[in-house]
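Participant: Quick one: sequence plus predicted model below, questions after.
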Amino acid sequence: MKWGVDSMNTLRVRFAPSPTGWLHVGGARTALFNWLFVRQKEGKFILRIEDTDLQRSQEEYIDSIKEDLRWLSLDWDEFYRQSDRLEIYKRYARKLLQEGKAYHCFCTEEELQERREKAIEEGRPPLYDGRCRNLSEPEKKKLREEGREPAIRFKLPEQQPSVTVPDRIKGDVHFESVTVGDFVILKSDGSPSYNFACTLDDHLMEISFVMRAEDHLSNTPRQMLLYDALGFEPPEFGHLSMLLDEDRSKMSKRSGATSVKEFRELGYLPHALINHLAQLGWSSKDEREIFSREELIEEFSLENIVDSPQVFDRDKLNWINNHYIKEAELDSLLPQAFPYLRQSGMIDVEELEELSEDERQKLKRVLDLLRPSLQRLDELTDHQYLGIFYGEEEPDEEASEVLNWEETPAVLGELYDRLVDREEIATEEVTQLVRETKEELDVGFKKIYKPLRAAVTGTTSGPEINEVISIIGPREAARRIGNKCKRI
């Protein structure tokens, strides 16, 4: 049966991370491209955890990968773990042994490392020298008696000058077989090598198209050789260019966050990260910067994938994140913002549900007022203006100067009288109150608004003061004004 991108059969793609660390944004981009492509074609998206590295794989990383993908809304249709499939790999390794396409290798890791170092010193490719390839049965028996547990190596066909990898993104890529050598397919502990498990799983899971990062391109000739030896038809391949930092070096922590987990903790919204990743290596038909998920699915195509390294632009991501923060429904944004608001020390409950309805509504209004200035939600934790909604701030130097203007006592006194007996006030009512004060005292708006802001917030800049007063309430505003009047 023909499986491929252009086949009439159901398209099946996979994302296959190794749980040896947190999900890197490069891996998230690979998952996203696969997901967009297969959702457009109404195919199946398979999540396969490649956890055969028994020493480095950790359960917490598996849980985190799944959590990150759910956070990004990259849902999967099937789920597998390679550690559940070890007997399958052993069975196929025995098959290749029986067919003379593989052999036992008794070399220790220390011996192999010593030979690799010598080959490099002599200017030779550090490939396996094939010394176990033609061992006799008595020689194998003697090595076993020494306590050596053999690995199983693939026997590179002698008449195999080169391997060609057809790539839907890069075009045909050619590899000389001398750069491949006889490679391990089953380790001495019984676990499969990456290339062997990957090849078997892609075939048995009927993967049509393998789209992955280009650092896997060098693995592909080994997989092509395995497909041929096993009598399997290979899937189609497409290798994505690497993500780079702004200085065009490999992404590293010295420039900031690199994992999805870190970006989540910094207060980025999933739509923002998705939007930025989607445009790193894929070009749309127009010059739009913001796409909905539905638009990405509709417009995504292999033909528009760009085969060149892509710079992960944190400034651009911040701009996109600010856009989504400003556009988000407050009811959905508040739960995401609440942990950072709580960390600020202004909120004295552990869970959002513990707030009364009035407190919740106030928090929504505060968030709505502050969010235009936010690039990330974690900026709420020490936001310079958050405190003005939850307590009286001492006047800064400029505010103190304003409070000492000649007109300020009369202005604040008039404002105090107009606020103190009210239980609540709308934003537009504050505007009217200021207008009435202007007419009563015959002073300019600047002479009213600046002292009012200085008295209520302790500063001469910040969020719209009419909104601030409406949120904290007229009596709290009057109390703060009264305190400042006593000092004038």
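Facilitator: Now that the structure is in, tell me what you want to look at. Numbers count the residues shown, from 1 in each chain.

Participant: Report the separation between residue 357 and residue 462.
Facilitator: According to C-beta to C-beta, to the nearest Å, residue 357 and residue 462 sit 27 Å apart. (Each C-beta comes from the backbone N, C-alpha and C, glycine too.)

Participant: what about the two, which has more around it?
Facilitator: With neighbours defined as other C-beta atoms under 10 Å, residue 357 and residue 462 compare such that residue 462 has more, 18 against 7.

Participant: Checking that one next. Helix, strand or coil?
Facilitator: coil (DSSP: H, G, I helix; E, B strand; the rest coil).

Participant: Phi and psi next, for it.
Facilitator: Dihedral pair for residue 462: phi 130, psi -160, per degrees, to the nearest 10.

Participant: State the phi and psi torsions of the closest residue to it other than its chain neighbours.
Facilitator: Nearest residue to residue 462, sequence neighbours excluded (C-beta to C-beta, 6 or more residues apart in numbering): residue 385, at 4.6 Å. Phi and psi for residue 385, reported as degrees, to the nearest 10, are phi -110, psi 0.

Participant: Point out where the stretch 351-488 of the chain drops to low pLDDT.
Facilitator: 487-488 (pLDDT under 70).

Participant: repeat that with 80
Facilitator: Applying pLDDT under 80 to the stretch 351-488 of the chain flags residues 486-488.

Participant: Please apply the same query to the stretch 1-150 of the chain.
Facilitator: In the stretch 1-150 of the chain (pLDDT under 80), the answer is 1-8.

Participant: hey, where'd the helices end up in it?
Facilitator: 25-40, 59-71, 86-98, 109-121, 137-145 (DSSP state H, counting those that start in this stretch).

Participant: swap in the stretch 201-350 of the chain?
Facilitator: Using DSSP H, counting those that start in this stretch, the helices of the stretch 201-350 of the chain run over 220-230, 260-265, 270-278, 293-299, 314-327, 330-343.

Participant: Out of those helices, which is the most enclosed?
Facilitator: Highest mean neighbour count among those (mean count of other C-beta atoms under 10 Å): helix 270-278, with a mean of 22.

Participant: on contacts alone, who are the packing partners of that one?
Facilitator: Helices and strands touching helix 270-278, by 3 or more C-beta pairs under 8 Å, 6 or more residues apart in numbering; DSSP states H and E, are helix 25-40, helix 293-299, helix 314-327.

Participant: one more time with 10 Å, if that's ok
Facilitator: Applying 3 or more C-beta pairs under 10 Å, 6 or more residues apart in numbering; DSSP states H and E, one finds that helix 270-278 contacts helix 25-40, helix 59-71, helix 260-265, helix 293-299, helix 314-327.

Participant: Can you say which of the ones you listed is nearest to residue 216?
Facilitator: Across the helices and strands packed on helix 270-278, residue 216 has its closest neighbour in helix 25-40 (9.5 Å, C-beta to C-beta).

Participant: distance between the closest one and the chain's centre?
Facilitator: 12 Å (C-alpha atoms, centre = their mean, to the nearest Å).

Participant: Much appreciated, bye for now.
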